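J.: 3D, please:
(one chain, ligands or ions: 1)
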Amino acid sequence: MSSGKRILLIIGGGIAAYKCLELIRRLKERGHQVRVVMTKAAQQFVTPLSVGALTNERVFTDLFDLDEEREIGHIRLARDTDLVVVAPATADLMARMAGGHADDLATAVLLATDKSILVAPAMNPHMWLHPATRRNVVQLQLDGVRILGPATGEMAERDESGPGRLIEVPDLVVAIEKALAPEGLKRRSLAGRHVIVTSGPTHEPIDPVRYIANRSSGKQGHELAAAAARLGARVTLISGPVSLPDPKGVHVVHVTTAAEMLDAVKAALPADIAIFAAAVADWRVAHPTTDKIKKSAATTVPTLTLAENPDILRTIAQSPDARPRLVIGFAAETQDVIAHAKAKLKAKGADWIVANDVSPKTGIMGGDHNKVHLVTSSGVESWPEMNKAEVAARIIERAALHLSVKRTAAE
Ligand code: CTP
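T.: Now for the predicted structure:
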């Protein structure tokens, strides 16, 4: 437990505001000092009195309250802290942050602070998915703000469900403490963990010179391996044939076929996390020839008989003894991306599926950018388009968080 940190919590107006009482209680239990700013709308959901009773401090509500200005001032409020947390962040508050507004105490503090800002949004799914909110989220991320969630599930409104729930309070506490940890500790948050990543295509031989392949470049898988190594993990990258350099600090096993890839994964186990980013060929040629098939010797066009390759992800996810604690698959789709990804999550037994649209028009396969949906048993999160390194960093951070939350729960 890290103690003695100062957290400035900005409570926005939303049904989820009441969860901040639990958040404050937990942060205090863990030794942190919590100072609270409430927006006008937040005060419709919880009273400054009940918040103040938990923090043992006065709650700040008004930019133009002269007493407050004399006592502390919004600039000091913004600076005398180790971290700023906005929870729940409404669509409106995020829009005003993204626009650089400063017309109330909350936005003035957010504009004046020189500390890291974590934002935990909570709103109706339609509002979260609206292009205006999507734009604001991207803008805030570009400004260095970290967005936590939202989670997917039932809304307070009847018959509404989707992305928009405030992430669970224990997850918020973990994210806050991670953000407060010294840089060295943060970087090593996968220290002591073993991460296996598969990457690239596989080549299935037809004869000694020809093979069946696909357009996978291996960029996303290699970025994942590099990101895991940066967080301090021991990483085994099992790569099909690619034209990328081996990432730094990663143990790379080069393979050609799906069968070799499966053997290499089995040999690398046990692992804490396994990420199957490779575009494994579903079929191989049943009987590749040892000599080159000669056109001049053929009387008819040769026919290739295919045999099914082992499903590496399914084999490992469903292995009774050696299953890593977190198994992540990818779903490369050209239509009905989310529906297919949900089906794959179940059929393969993965914990998460990272789904992307690889139709040629997206330029994702072989390109530098990716737009993914994270599909888990608790819902679907659609992430904005990012470059593959950013997608990798986010997946790995989430994986590290997931393992640490699990560990906390087991303690
Ligand atoms: N995968 C695997 N072994 C295979 C095929 C796929 O490990 N023989 C893994 C991929 O690495 C990916 C996930 O399974 O993590 C889904 O791959 P994808 O090609 O999208 O799906 P398929 O299982 O091939 O299904 P389909 O061809 O019907 O889309």
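J.: gap between the two ends of stretch 25-39?
T.: 20 Å (Cα to Cα, to the nearest Å).
J.: in that stretch, what's buried?
T.: For stretch 25-39, a neighbour-count test (16 or more other Cβ atoms under 10 Å) marks 26-27, 32-39 as buried. Bear in mind the C-beta positions are built from the backbone N, C-alpha and C, glycine included.
J.: which of those residues sits closest to Ile75?
T.: Comparing those against Ile75 with Cβ to Cβ places Val37 closest, at 13.1 Å.
J.: picking that back up, next step: the buried residues of stretch 25-39 restricted to helices.
T.: Judged by DSSP state H, those include 26-27 as members of helices.
J.: so of the buried residues of stretch 25-39, which ones are in strands?
T.: 33-38 (DSSP state E).
J.: report the contact partners of Ala213.
T.: Applying Cβ atoms under 8 Å, 6 or more residues apart in numbering, we find Ala213 in contact with 201-204, 241, 281.
J.: with those residues in mind, which one is nearest to Ala102?
T.: Pro201 (51.3 Å).
J.: surely Thr81 is in contact with Arg6?
T.: Yes. With contact defined as Cβ atoms under 8 Å, Thr81 and Arg6 form a contacting pair (4.7 Å).
J.: settle it for me: which of the two has more neighbours?
T.: Neighbours were counted for Thr81 and for Arg6 using other Cβ atoms under 10 Å; Thr81 has more, 22 against 14.
J.: which secondary structure element is home to that one?
T.: Counting by DSSP states H and E, there is no helix or strand that carries Thr81.
J.: excluding chain neighbours, what is closest to it?
T.: Nearest non-adjacent residue to Thr81, counting by Cβ to Cβ, 6 or more residues apart in numbering: Leu8, 4.1 Å away.
J.: want to throw the contacts of Ala213 into a markdown table with secondary structure, pLDDT and distance to Phe64?
T.: A markdown table is the format used below for the contacts of Ala213 (DSSP: H, G, I helix; E, B strand; the rest coil; pLDDT from 0 to 100; distance: Cβ to Cβ, whole Å):
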| residue | secondary structure | pLDDT | distance to Phe64 |
| --- | --- | --- | --- |
| Pro201 | strand | 98 | 62 |
| Thr202 | coil | 98 | 65 |
| His203 | coil | 98 | 69 |
| Glu204 | strand | 98 | 71 |
| Pro241 | coil | 98 | 66 |
| Ala281 | coil | 98 | 66 |
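J.: redo these as JSON lines? Include distance to the ligand and neighbour count.
T.: Putting the contacts of Ala213 into JSON lines (distance: Cβ to the nearest ligand atom, whole Å; neighbours: other Cβ atoms under 10 Å) gives the following:
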{"residue": "Pro201", "distance to the ligand": "10", "neighbour count": "24"}
{"residue": "Thr202", "distance to the ligand": "8", "neighbour count": "29"}
{"residue": "His203", "distance to the ligand": "14", "neighbour count": "20"}
{"residue": "Glu204", "distance to the ligand": "11", "neighbour count": "24"}
{"residue": "Pro241", "distance to the ligand": "15", "neighbour count": "16"}
{"residue": "Ala281", "distance to the ligand": "7", "neighbour count": "22"}
